[in-house]
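**Student:** build me a model:
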Amino acid sequence: MFLPVIPEPGAVLERAFRAAVAASGPEHATRQAVLATDDLAPAAWVIAIGKGAHAMASGAVAALHQRGVRIGGGIVVAHAEDPDARHGLPAVSGDHPVPAAQSSIAADRLGVLAEAVPADADAVVLVSGGATSLVASPIAGLPDADLRGAFSALLASGADIEVMNALRKRLLRFGGGRLALALRARRIHCLIASDVPGNDPSAIASGPCAPDPSPASHARARAIEAGAWASLPPAARRVIDDMASGRLPDLPSVDDARFATTSVRVILDRTHAERGAADEARRSGCVVEVVEPALSGEAAIAGRRFGVALAERARTTPPTCIIWSGETTVTLGSSAGHGGRCQEFALACAQVLHERAATGITVLAAGTDGRDGPTEVAGAIVDATTWARVLDAGVDPVIALRDHASYDALQAAGALLRTGPTGTNVNDLVLALV
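**Tutor:** Below is the predicted model of the structure:
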């Protein structure tokens, strides 16, 4: 049987990825959401935090102007400057994925602004992925160094984002609804671009305006179960223990009156990216399959399993584009090379495709924010030849996987995907062309 061949499968997947990013752009979604918001006061203050902060702020400001709402002030906290931003608000940069001095400065600026919002104005709070670290400042009594140590330990532990944020929000000045309590506004309208599968508002960005009904004892138990508890700095463990025992106040109660005047809505998530990728894949002549449930688990294990599933598929006509989104984890242990979860997924997948000589299969794995882990790349594009190209370049890919040094291996093979910051963040995306 004749099977059609796509001449440049990597280019097809890259176009699909860029279409996914465009479809999950937060500016338009935020503008539409603000236009549809009921009960806006004559004046509003805009607070945007996260990797999509500039775009969300631009959308909100445009909508508020369109509705005739006066903007009293605001702040934008992002990971980097955006020369194309049109919001006109003061902007600062925070640190990510581990907070440092810039995050502390950003948190102080946010605290000053929160106190300045008058009681007869509204606050429009725009939240996107990365916000936890960008405005990370510790609660009273916890040293900065211990907060940073907690972030580093949790990132290295392999715990999923919900476990990490259940702990981090309790250590943070603005976590677990504490930003809402700090704002003196008449009403708070919180709009979220979700980077957490399941879209739980209390888990996204550590829930700055969303209360968490679970107790500190539950967060501690989940951390112990995930193997993340023992690696936390002693001071951070003491805070959680004191909250669990009642010696320290836990997070604000869901019954707090502030939350009665706070609305929280998720306006964007990974399904928008999936639809954008699917539309572009169909334009390229592919049929589309979307994998459920969400991508999760240890990156290398998930990558290998995905490679096996692809290698065992029968070839199809027309070609098939398989779409999977979510977020994996990487347990660093004592070996902490340079790389990210998408790169590790891709390298592990490439190993299977190589071992099974699975030609005709190309895989892209990348973060929709354009930044995979602590690296400057979005992810990678691999096929059955990638593993051999790594070896030919003098790099041992087995050691690279063991040491979590996927960046070095994939760079040697010319397989890294560079997009630059995208201005959005709705989880990771895996696209496979069979």
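**Student:** C-alpha from now on. contacts and neighbour counts both.
**Tutor:** Fine.
**Student:** got a list of what Ala273 touches?
**Tutor:** Ala19, Ala20, Val21, Ala22, Ala23, Ser24, Val426, Leu429 (Cα atoms under 8 Å, 6 or more residues apart in numbering).
**Student:** hmm, try it at 7 Å
**Tutor:** Applying Cα atoms under 7 Å, 6 or more residues apart in numbering, we find Ala273 in contact with Ala20, Val21, Ala23, Ser24.
**Student:** mind listing which of these are in helices?
**Tutor:** The helices, defined by DSSP state H, take in Ala20, Val21, Ala23 from the contacts of Ala273.
**Student:** from the residues you listed, pick the one nearest Ala350.
**Tutor:** Distance to Ala350 across the ones in helices among the contacts of Ala273 (Cα to Cα) is lowest for Ala20, with 22.8 Å.
**Student:** got the contact list for that closest one?
**Tutor:** Ala273, Glu274, Arg275, Gly276, Ala277 are the contacts of Ala20 under Cα under 7 Å, 6+ apart.
**Student:** and which of those residues is nearest Ile323?
**Tutor:** Glu274 (6.7 Å).
**Student:** tell me the predicted confidence for that closest one.
**Tutor:** pLDDT recorded at Glu274 is 98.
**Student:** so which bits of the host helix or strand of Val288 are buried?
**Tutor:** According to DSSP states H and E, Val288 maps onto strand 287-290. For strand 287-290, burial by neighbour count (16 or more other Cα atoms under 10 Å) applies to Val287, Val288, Val290.
**Student:** could you dump the residues you listed to TSV with pLDDT?
**Tutor:** Shown next, in TSV, are the buried residues of strand 287-290 (pLDDT from 0 to 100):
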residue	pLDDT
Val287	95
Val288	97
Val290	98
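**Student:** rebuild the residues you listed as a markdown table, extending it with distance to Arg178.
**Tutor:** Formatted as a markdown table, these follow (distance: Cα to Cα, whole Å):
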| residue | distance to Arg178 |
| --- | --- |
| Val287 | 46 |
| Val288 | 43 |
| Val290 | 37 |
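**Student:** for this protein, which spans come out with low pLDDT?
**Tutor:** 1-6, 316 (pLDDT under 70).
**Student:** picking up where we left off before, now, which of the contacts of Ala20 sits nearest Leu181?
**Tutor:** For the contacts of Ala20, the nearest to Leu181 is Ala273 (32.8 Å; Cα to Cα).
**Student:** part of a strand, is that closest one?
**Tutor:** No: counting by DSSP: H, G, I helix; E, B strand; the rest coil, Ala273 is not part of a strand but helix.
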